[in-house]
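Q: What follows is a predicted structure for the sequence shown.
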Amino acid sequence: MRKIELDIVALSHSVTQSHNYAVVLGERTGSRRLPIVIGSFEAQAIAVAMERMTPNRPLTHDLFKNTLETFHIDLKEVVINNLLDGIFYARLICLKDGELIEIDSRTSDALAMAVRFACPIYTYEFILDAAGVVLEESEEEEEAEPAEERTQPRGKTASLSSYSIDALNKMLEEMLAEENYERAAEIRDEIRRRGETS
C-alpha cells in the first residue's frame, strides 16, 4: 500500500469531548485533514516538543527518546496503520544496526515521538477515506498560520496583558518548575507578542 505523508497542522481542545484535545494531521500533498482525539497528557507532550520547551525533568516521551538513542536505535518514521471501531492504531518504525524494527504504539504516543525525532508521519488511503475531511478554501487559508502558534486556544492571553514583562518572566519560570507547560506556553506567547510590537 502507498503511504501518504502527513504533517501536524493544529493542536486544540476537542469540540466533541471537553476533557480531550484534537491533533489535526494534514496531507502534505493534498487538502485532506485527519483529526484525532487525544488525551491532555499526550497533547501536552506533543505541544512541549513542538514549542521546543525544556522541562526541568524528562517527560515520559523524552525518557523513551533518550533510551532509544542510548541503545543506538533511530526512529525512522511513524505509520498510522489502522482504524478499527473509531480507534487509530500506529507503529513506530525503528532502525537498529541496519535492521528495521516495528513497535506497536498508541497513535498519540507515536505522534509525540515523531515530533521529538523530527521523523515523517504516514498513513494509508483507506484511513483518510474513512476518517479524513476535506477543507474548503477559506478554511485552508485560516490554517495557513504555523501550527506552533496555534497550539493554544485563541484569546487566552487577554488576562496576561496586565502583567509587566518582569512579572511574566517570573510566572514563566514558576509554570515551568510546576511542569504546567500549557500555561507556560501562553505566557511565552504573550512575552513574544510584546517583543514583536515594541
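A: Noted; the coordinates are in hand.

Q: Now do the strands in the protein.
A: Counting by DSSP state E, the chain has strands at residues 3-13, 21-27, 32-38, 74-84, 87-96, 99-106, 121-124, 133-134.

Q: Residues in contact with the last one: which ones?
A: Outside strand 133-134, the residues that touch it by Cβ atoms under 8 Å, 6 or more residues apart in numbering are 31-35. (Glycine included, C-beta is placed from N, CA and C.)

Q: So what's the predicted local confidence for the residue lying closest to Arg2 once chain neighbours are set aside?
A: Closest residue to Arg2 apart from its sequence neighbours, by Cβ to Cβ, 6 or more residues apart in numbering: Glu125 at 6.8 Å. At Glu125 the predicted local confidence, pLDDT, stands at 95.

Q: Compute the distance between Glu125 and Glu102, please.
A: To Glu102, Glu125 is 20 Å away according to Cβ to Cβ, to the nearest Å.

Q: Asn81 is in contact with Leu92, isn't it?
A: No - counting by Cβ atoms under 8 Å, Leu92 is not a contact partner of Asn81; they are 10.8 Å apart.

Q: who's more crowded, those two?
A: Between Asn81 and Leu92, counted using other Cβ atoms under 10 Å, Leu92 has the larger neighbour count: 23 against 20.

Q: tell me the pLDDT at the closest residue to that one other than its chain neighbours?
A: Excluding the flanking residues, the one nearest Leu92 by Cβ to Cβ, 6+ apart is Ile103, at 4.3 Å. Model confidence at Ile103, given as pLDDT, is 97.

Q: Does Ile103 touch Lys96 like I think?
A: No - Ile103 lies out of contact with Lys96 (Cβ under 8 Å); the separation is 10.9 Å.

Q: re the thing from before, count the residues that sit near the residue nearest to Leu92.
A: 14.

Q: Next: Leu25.
A: Neighbours of Leu25 under the rule other Cβ under 10 Å: 24.

Q: Against Ala131, how distant is it?
A: 10 Å.
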